[in-house]
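A.B. asks: just a sequence and a predicted model for now, questions to come.
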Amino acid sequence: MNVCRFKRNGAIGVGLVTEDSTVVDLSAAHVTQLTPLLEDEDAAARVGELAKQGLPRLPLAKAELLPPVEEQEVWAAGVTYRRSKTARMEESDFSATAYDRVYSAERPELFFKSLAQKVVGPGESVGIRKDATWSVPEPELALVLNSKGRVMGCTIGNDMSSRDIEGENLLYLPQAKIYSRSCALGPWITIGVPETTVREWTIRLAIKRDGGPVFTGQTSVGQLRRSFEELARYLFRSQDFPHGAVLLTGTGIVPPESFTLRPNDAIEIEISGIGSLCNSVTAV
Ligand code: DO4
Ligand code: MG
């Protein structure tokens, strides 16, 4: 079951995206925000009931989708897939030991990624820093957590990264990871799917330049070294999130060292079981 945020007569609406590519307008049943819905442990059942009420509908193609976050902070986990560990150890002799250690350490790497209002939505452009020479997308499963730290759903995340800045010195990580348009989320939140099923999903990345492919890659959520509950538990240790949080779970797809993004590239991240998040690239 997929729930989205979309523009509705100049305001923001909450909708259910059906399998026949229709958006059922849940705002008409007074569901005007995702956050309270995600506090309801039976959110999927509630949305299912509302959808039977003959609410107004519109074609998905006509709905302007917005990033599926309201006031949630966005955080990210790192070095949770073997591919991310090896690529980062190659990127920097200087930091290789840190990456190697955190991959198998009990405590995961978690870092702040974005405020909700800075998140880029479906169809918008993500940014590459003008002072970076090596920029990549990081296609990641994003967990949507409620205020109790419970995983209520999943969406697709892009943890845009400047690898040259990160590789120069690990203390530059916030600059490599947090800048204008460096986080994309969407197209919606898929709710009511157990972790065992999500771990069977495939993550695919396709990057196009001038209409042709310049990189494709794929991995499986099953390659993620840590459980969803473990990542959520560490994020909520000694920290409150009254509006809930979104937690990107790390990348398992890293383009070769010769690859860097350029303005006007097109990025498509697909997670089977959720859908696709498409963004163009701009210099910031
Ligand atoms: O340690 C740096 C960041 C790692 C990361 O973002 C990832 O593995 O996805
Ligand atoms: Mg990442």
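C.D. replies: Structure received. Ligands and ions are numbered 1, 2, ... in the order given.
A.B. asks: then stretch 153-166 to CSV, C-alphas only?
C.D. replies: What follows is stretch 153-166, C-alpha atoms only, in CSV (Å, rounded to 0.1, in the frame of the first residue of the first chain):
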residue,chain,number,x,y,z
GLY,A,153,7.1,2.1,6.0
CYS,A,154,9.8,2.5,3.4
THR,A,155,10.6,4.9,0.6
ILE,A,156,13.4,5.4,-1.8
GLY,A,157,16.3,7.7,-0.9
ASN,A,158,19.2,9.2,-2.7
ASP,A,159,22.2,10.1,-0.4
MET,A,160,24.0,12.3,-2.9
SER,A,161,27.7,12.3,-2.0
SER,A,162,31.0,14.1,-3.0
ARG,A,163,33.5,11.3,-2.9
ASP,A,164,36.6,13.5,-3.4
ILE,A,165,35.7,15.6,-0.4
GLU,A,166,34.9,12.5,1.8
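A.B. asks: now for this protein, the helix or strand with the poorest mean pLDDT.
C.D. replies: In the chain, no helix or strand scores lower on mean pLDDT, DSSP states H and E than helix 82-91, which sits at a mean of 89.
A.B. asks: flag every buried residue along that helix.
C.D. replies: 83-89, 91 (16 or more other CB atoms under 10 Å). For the C-beta atoms, the positions are set from N, CA and C on the backbone; glycine is no exception.
A.B. asks: so the closest residue to residue 116 other than its chain neighbours, which of the three states?
C.D. replies: Spatially, and ignoring its direct neighbours in sequence, residue 116 is nearest to residue 69 (4.2 Å; CB to CB, 6 or more residues apart in numbering). Here residue 69 takes the coil state, with states given by DSSP: H, G, I helix; E, B strand; the rest coil.
A.B. asks: first vs last residue of stretch 27-47, how far apart are they?
C.D. replies: 11 Å (CA to CA, to the nearest Å).
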